[in-house]
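Engineer: What follows is a predicted structure for the sequence shown.
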Amino acid sequence: MLGLWEKRDVAAGTFSKGMRQNLAIARALVHDPQVLFMDEPTANLDPESAKTVRDFILGLKKQKRTIFLNTH
């Protein structure tokens with residue numbers, strides 16, 4: 001979903017800001033939380049990745065998840 005599989009053998013410290021943001025989102029979702037706090041989840045993402053994240057958040061909403069979303 002977030003392009004992380006292709007980078008699985010790359011040290012996370014070498015990721016771009018956008019890839020680090022993708023990694024943070026994946027880490028937040030890995031345990032399938034019922035409540036999710038997200039602070040600017042599309043910051044530093046390219047337009048295509050930002051749309052993917054927005055669509056995924058809408059999917060979580062449809063699953064009746066509680067999402068606290070902070071944007072500026």
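Structural biologist: Ah, there it is.
Engineer: check contacts around Pro41.
Structural biologist: Counting by Cβ atoms under 8 Å, 6 or more residues apart in numbering, Pro41 touches Gln21, Ile25, Val53, Ile57, Leu69. All C-beta spots, glycine's among them, are computed from the backbone N, C-alpha and C.
Engineer: What distance do you get for it to Leu29?
Structural biologist: Applying Cβ to Cβ, to the nearest Å, the value for Pro41 to Leu29 is 10 Å.
Engineer: What about the contacts of Pro41, which are in strands?
Structural biologist: Leu69 (DSSP state E).
Engineer: among the contacts of Pro41, which ones are buried?
Structural biologist: Among those, the ones that count as buried by 16 or more other Cβ atoms under 10 Å are Gln21, Ile25, Val53, Ile57.
Engineer: Let's see which of those residues end up in helices.
Structural biologist: Within the buried ones among the contacts of Pro41, residues falling in helices by DSSP state H are Gln21, Ile25, Val53, Ile57.
Engineer: ok, of those, which one's closest to Arg8?
Structural biologist: Sorting these by how near they are to Arg8, with Cβ to Cβ, puts Ile25 at the top with 16.0 Å.
Engineer: I'd say Phe37 and Leu29 touch.
Structural biologist: No - when contacts are counted by Cβ atoms under 8 Å, Phe37 is not listed as touching Leu29 (11.9 Å).
Engineer: ok, now which ones touch the residue nearest in space to the middle of the chain?
Structural biologist: The residue lying closest to the centre of the chain (Cα atoms, centre = their mean) is Ile25, at 3.0 Å. Taking Cβ under 8 Å, 6+ apart, we find Ile25 in contact with Leu2, Met38, Pro41, Val53.
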